[in-house]
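1. Let me see the structure of the following:
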Amino acid sequence: MIEPQEAWRRIAEQVTALEPVEMKLAELEGHVLAEEVVAEEDVPPFPASRVDGWAVLAEDDSTPRRVLPGAGTAGRVPVAQVSPGTAARVMTGAPLPAGADAVVMVEDSAEQEGWVRFSRPARPGDGVRPAGSDLAAGQVVLAAGTPLGPAEIGLLAAVGRTTVRVHPRPRVAIFSTGDELVEPGERPGPGQIRDSNRYALAAAVRRAGGEPLLLGIAPDDRAGQRALILHALEQADVLVTSGGVSMGSRDLIGPLLAELGTVHFDRVRQKPGKPFTFATVQAGFCFGLPGNPVSSLVAFELYVRPALRRMAGHRLLWRPEIEVCLRHPVTPDPVRVTFQRAVVEREGERQWVRTTGSQASSRLLSMAGADALLRLPAGPTLTAGTTVTAILINQPEDH
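-> Reported below is the predicted structural model:
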């Protein structure tokens, strides 16, 4: 049995970012950039008006000024040439006419019979967006490793990139094990329960940025589970299973992974989630999670989620952690690190935390509504007011 930090170290030794692929603009949201993007030209490529108004020569103090024929509009090259004593109408985004070096807002003007007066003087650069003021030719627009959201995709479009290289989302095959499991829509018979883990894990995979592939329920049959493992790794980058990793005679996942590949660990000194197997089989990564619903989701949050993010090219892998004060006593495990489900509440300058009731690893309700995992060192009961570490499981990764 190994410590949680050692478990992650062994995972991190094996897991790397997936090989980049070329993707189109419309497909990029949520992916991580795998190349540096450099602007090949100035943006904007010409001085443009930032407002609707009048293009003028700032040093000219003539009043009134003659209105030049034709209005400067976006998308058209201006024909007017501004000189002392003149002004040219210009719209937001339109190129600045030749000779002009400022734009007076229309709100600061009064036009009458071909002449215009201004209520304030113009200074050079007023109302003008200079060429290259947004992006200069040769400037790095986005660095490799940047997650792509709406703004980043807009920047790619602005510099003319229709495709870029990104890390693909990990494909994650999921199946549950156990003769006792039935589908959620079925009525359980004697000794049976509905399979909740597969659907909870699929949702967790999506939230982590992966693409889940649900492969059903594997009965407690060695040949069947072996075939399903191999089938899963033909289709996916990662295999996540629930159940079958403890010490019983029908816990087959661990022995099968050892037969097919290399098991890097199969026990972690933590609660919940002690029976947890990580293995590599061929080019795939296999996470054998516990069968208890809470154990399965906690192990996913602590180990599988950061592994999937690393595969997708993310550099921020870990949720925020804060120090909080216990509202009531809590009892950790005497020999293992304990991760208790909890809710954080702010009062004034202090952060307080309460657990979500019974912390039984079968009680999925303890995860519903929780926004934190309390990381409690092994030892005796902690009294109310004790400061502990809370992992904020609903917040985006920050380190």
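2. what's the single longest strand in the chain?
-> strand 337-347 (DSSP state E).
3. Can you list the strands that that strand pairs with?
-> Using DSSP bridges, the strands paired with strand 337-347 in its sheet are strand 270-271 (parallel), strand 350-355 (antiparallel), strand 372-376 (antiparallel).
4. Residue 166 is in what secondary structure piece?
-> strand 163-167 (DSSP states H and E).
5. before we move on, back to that, avg pLDDT for the longest strand of the chain?
-> The average pLDDT within strand 337-347 is 96.
6. Surely residue 7 is in contact with residue 278?
-> Yes: Residue 7 is within contact range of residue 278, at 7.2 Å (criterion: C-beta atoms under 8 Å). Placement of C-beta: from N, CA and C, glycine included.
7. Settle it for me: which of the two has more neighbours?
-> Using other C-beta atoms under 10 Å as the criterion, residue 7 and residue 278 rank with residue 278 on top: 26 against 23.
8. tell me the secondary structure for that one?
-> Counting by DSSP: H, G, I helix; E, B strand; the rest coil, the backbone at residue 278 sits in strand.
9. what sits opposite it in the beta ladder?
-> Assigned bridge partners for residue 278, using DSSP bridges, are residue 265, residue 287.
10. Repeat that for residue 390.
-> Residues in beta-bridge contact with residue 390 (DSSP bridges): residue 322, residue 374.
11. residues near it, how many?
-> 22.
12. Same check on residue 398?
-> The burial count for residue 398: 11, using other C-beta under 10 Å.
13. swap in residue 55?
-> The number of residues near residue 55, taken as other C-beta under 10 Å, comes to 30.
14. likewise residue 296?
-> Neighbours of residue 296 (other C-beta under 10 Å): 31.
15. quick one, what contacts it?
-> 197, 200, 201, 242, 289, 290 (C-beta atoms under 8 Å, 6 or more residues apart in numbering).
16. One more pass at 10 Å, please.
-> 176, 196-198, 200-201, 204, 240-243, 272-273, 276, 287, 289-290, 304, 361, 364, 367 (C-beta atoms under 10 Å, 6 or more residues apart in numbering).
17. you'd agree it is in a helix?
-> Yes: secondary structure of residue 296 (three-state DSSP): part of a helix.
18. just the CA coordinates of stretch 23-36, formatted as CSV?
-> Output of stretch 23-36 as CSV, limited to C-alpha atoms (Å, rounded to 0.1, in the frame of the first residue of the first chain):
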residue,chain,number,x,y,z
MET,A,23,-8.5,20.8,-36.0
LYS,A,24,-10.7,23.4,-37.6
LEU,A,25,-11.9,26.6,-35.9
ALA,A,26,-15.4,25.4,-35.3
GLU,A,27,-14.1,22.3,-33.4
LEU,A,28,-11.5,23.9,-31.1
GLU,A,29,-13.5,24.9,-28.0
GLY,A,30,-12.2,23.2,-24.9
HIS,A,31,-9.0,21.9,-26.6
VAL,A,32,-5.5,22.9,-25.6
LEU,A,33,-3.2,24.5,-28.2
ALA,A,34,-0.2,22.4,-29.2
GLU,A,35,1.7,25.1,-31.2
GLU,A,36,2.7,28.7,-30.9
